[in-house]
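structure here, sequence nowhere to be found:
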């Protein structure tokens, strides 16, 4: 999976309470959104699978795409944020990541959320020689395009769920990915996953947990101000990130509409 060079469209900073901020540059808004439709669609329906469907059934590309992408606003908002994380985080932290599971293509229903951890990324610097420098990034993503209450924080919700990944859910997520890759007959991906699942036969690896919220920039301060402490037992491997986009509702609606033309 290649990077699509979208991080360059964000200003990066750190808030007073230690949250990493990615703020979309308004002057580059159009350039940013023009990059999204085709890479986003490929995580629901690859070029190869789309071509097979249209050739096999005599349907249009838009007909097949509409069967795969959500049209429920809550799911659209959530998956826009998840896929944004899927592309941004490797550009920042894992430019050589070797395995990025496309969990959205495996959904049973387009308007239901996908199972388990929102995004998991893997990096193994030498595929023939596992080392303790290999790494896994687990991402819990939340989205909020509307105004929160005075006490709400999508960042805090992401932190709470990321902690669940740390405590128990990550193992279930890895097993789920392995099953899906087997269903796809993707032996290469299954074998790469084994390096991160078979603790008895492989060296330890680095684990990083990220709690990320994508919010409408008009309400970003409320989300920031209502963040509580990160659990002490994961502080060294944990990062909280806020992605700020003006008119987030218009952003995800535009993106999913443009996906139909890919």
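Nice, I can see it. The model shown is predicted, which means the values in this text are computed figures rather than measured ones.

so where is the stretch 101-250 of the chain shaky, pLDDT-wise?
232-235 (pLDDT under 70).

tell me where it has helices.
Listed in chain order, the helices of the stretch 101-250 of the chain (DSSP state H, counting those that start in this stretch) span 154-164, 170-183, 187-197, 220-225, 248-259.

which one of the ones you listed lies nearest to residue 83?
Shortest distance between residue 83 and the helices of the stretch 101-250 of the chain, using CB to CB, is found for helix 248-259: 9.0 Å. In this view, the C-beta of every residue, glycine as well, is placed from N, C-alpha and C.

quick check: which helices or strands does that closest one pack against?
Applying 3 or more CB pairs under 8 Å, 6 or more residues apart in numbering; DSSP states H and E, one finds that helix 248-259 contacts helix 29-34, helix 37-42, helix 73-93, strand 135-144, strand 206-216.

mind putting those into JSON lines with distance to residue 120 and mean neighbour count?
Listed next are these as JSON lines, based on distance: least, CB to CB, whole Å; neighbours: other CB atoms under 10 Å:
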{"stretch": "helix 29-34", "distance to residue 120": "25", "mean neighbour count": "14"}
{"stretch": "helix 37-42", "distance to residue 120": "18", "mean neighbour count": "20"}
{"stretch": "helix 73-93", "distance to residue 120": "10", "mean neighbour count": "21"}
{"stretch": "strand 135-144", "distance to residue 120": "6", "mean neighbour count": "23"}
{"stretch": "strand 206-216", "distance to residue 120": "10", "mean neighbour count": "23"}
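
possible to save those as a markdown table with distance to residue 17?
A markdown table is the format used below for the helices and strands packed on helix 248-259 (distance: least, CB to CB, whole Å):
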| stretch | distance to residue 17 |
| --- | --- |
| helix 29-34 | 27 |
| helix 37-42 | 31 |
| helix 73-93 | 20 |
| strand 135-144 | 17 |
| strand 206-216 | 13 |
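
surely residue 227 touches residue 17?
Yes. Taking CB atoms under 8 Å as the definition, residue 227 is a contact partner of residue 17 at 6.1 Å.

neighbour count winner among those two?
Shown here are residue 227 and residue 17; by other CB atoms under 10 Å, residue 227 has more neighbours (21 against 12).

list phi and psi for that one.
For residue 227, the backbone dihedrals are phi -80, psi 130 (criterion: degrees, to the nearest 10).

list the contacts for it?
17, 19, 153, 155, 156, 159, 240 (CB atoms under 8 Å, 6 or more residues apart in numbering).

and what of residue 253?
73, 76.

distance of it from residue 28?
According to CB to CB, to the nearest Å, residue 253 and residue 28 sit 19 Å apart.

before we move on, the earlier item: which one of the contacts of residue 227 has the most neighbours?
Counting neighbours by other CB under 10 Å, residue 155 leads the contacts of residue 227 with 27 neighbours.

so who does that residue touch?
Residue 155 neighbours (CB under 8 Å, 6+ apart): 19, 142, 211, 213, 223, 224, 226, 227, 240, 242.

quick one: residue 156 from residue 133, how far?
Taken as CB to CB, the span from residue 156 to residue 133 is 32 Å.

with residue 100 instead?
Note on residue 100: its distance to residue 133, by CB to CB, is 19 Å.

do the same with residue 248
For residue 248, the distance to residue 133 - CB to CB - is 36 Å.

the more surrounded of the two?
residue 248 (24 against 12).

hang on, isn't the more buried one packed against residue 219?
No. Judged on CB under 8 Å, residue 248 makes no contact with residue 219 at a distance of 9.2 Å.

name the residues contacting each of the two.
residue 144.

number of nearby residues for the closest residue to residue 98 other than its chain neighbours?
Of all residues not flanking residue 98 in the chain, residue 124 sits nearest, at 5.5 Å (CB to CB, 6 or more residues apart in numbering). Counted with other CB under 10 Å, residues neighbouring residue 124 total 22.
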